[in-house]
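Q: model the following, please.
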Amino acid sequence: MLEQIRRELEAERDETREIPAAQVRNWMASDDGDVRGATYAFLHSAHAQRVRPELSFDDVFDFTLNYYDWCISTDPAPGGWANTRYSAGWDLVGWFCGLWDQQRDKKYFARIKSRLANLYKTGDADLKKSIEHAIIEHLFERKPIRKFFADWDKDPDLKPAHDEGMLWVTHGGTSPLTDRPKPN
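A: As a prediction, the model looks like this:
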């Protein structure tokens, strides 16, 4: 399976050969970390446009959210196809901001926020620290997103993450993770 995905990712950018959606769904269902990581790379590449029939936004959203959850909770070893806990967190920030800029339905942001809250509440100290530093601090760089997470300040289990995010922005923390794409 991994070799199939690699071949598709290595195809020329102007490749027109279609990829059956059933095959991609099979990749998406894999429990193998490298297959998950390669599938994530594929779905977020130009090659995903060749999938027929086209995957729905919800299909890709669900896979991506589950993939980030898995990476953040398990922290795969570096060197394979899967993201580490921190790199998944940074990617999640960019993904979240991209969806925000597209003005996607609020239900998607609520699902991401809920998943992060669950991970944070059930995680050990290292997992909590990674969510604070790789995700919340950077999401909070954008004021409207910071307001979206304002209820975390009232939840005693989530307040430490909220406080870390606020500390980051009040002390001038910035990163390129939340940058809006520049027009061509």
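Q: domains in this structure, as residue ranges please.
A: As recorded under automatic domain parsing, the domains making up the chain are 1-55, 64-73+84-184.
Q: end to end, how far does the first one reach?
A: Distances were taken as C-alpha to C-alpha, to the nearest Å; on that basis the terminal residues of domain 1-55 are 19 Å apart.
Q: now do it: distance to the chain's middle.
A: 17 Å (C-alpha atoms, centre = their mean, to the nearest Å).
Q: cool, and stretch 76-89?
A: With C-alpha atoms, centre = their mean as the basis, the distance from the averaged C-alpha position of stretch 76-89 to the chain average is 12 Å.
Q: can you list the buried residues in it?
A: Under the neighbour-count criterion of 16 or more other C-beta atoms under 10 Å, stretch 76-89 has Pro76, Trp81, Ala82, Asn83, Thr84, Arg85, Tyr86, Ala88, Gly89 buried. Bear in mind the C-beta positions are built from the backbone N, C-alpha and C, glycine included.
Q: go ahead and confirm Ser130 touches Ile72.
A: Yes - the pair Ser130 and Ile72 qualifies as a contact (C-beta atoms under 8 Å) at a distance of 6.7 Å.
Q: overlap in contacts, these two.
A: Taking C-beta atoms under 8 Å, 6 or more residues apart in numbering as the contact rule, Ser130 and Ile72 both touch Arg85, Gly89.
Q: now the strands for this structure?
A: Remark: strands of the chain, listed N- to C-terminal, are 19-20, 51-52; assignment by DSSP state E.
Q: in CSV, list these along with distance to Gly94.
A: Output for those, formatted as CSV (distance: least, C-beta to C-beta, whole Å):
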stretch, distance to Gly94
strand 19-20, 25
strand 51-52, 22
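Q: could you give the number of residues near His171?
A: Residues lying near His171 (other C-beta atoms under 10 Å) number 7.
Q: could you measure from it over to Glu164?
A: In this structure, His171 and Glu164 are 11 Å apart, going by C-beta to C-beta, to the nearest Å.
Q: this completes my enquiry, with thanks.
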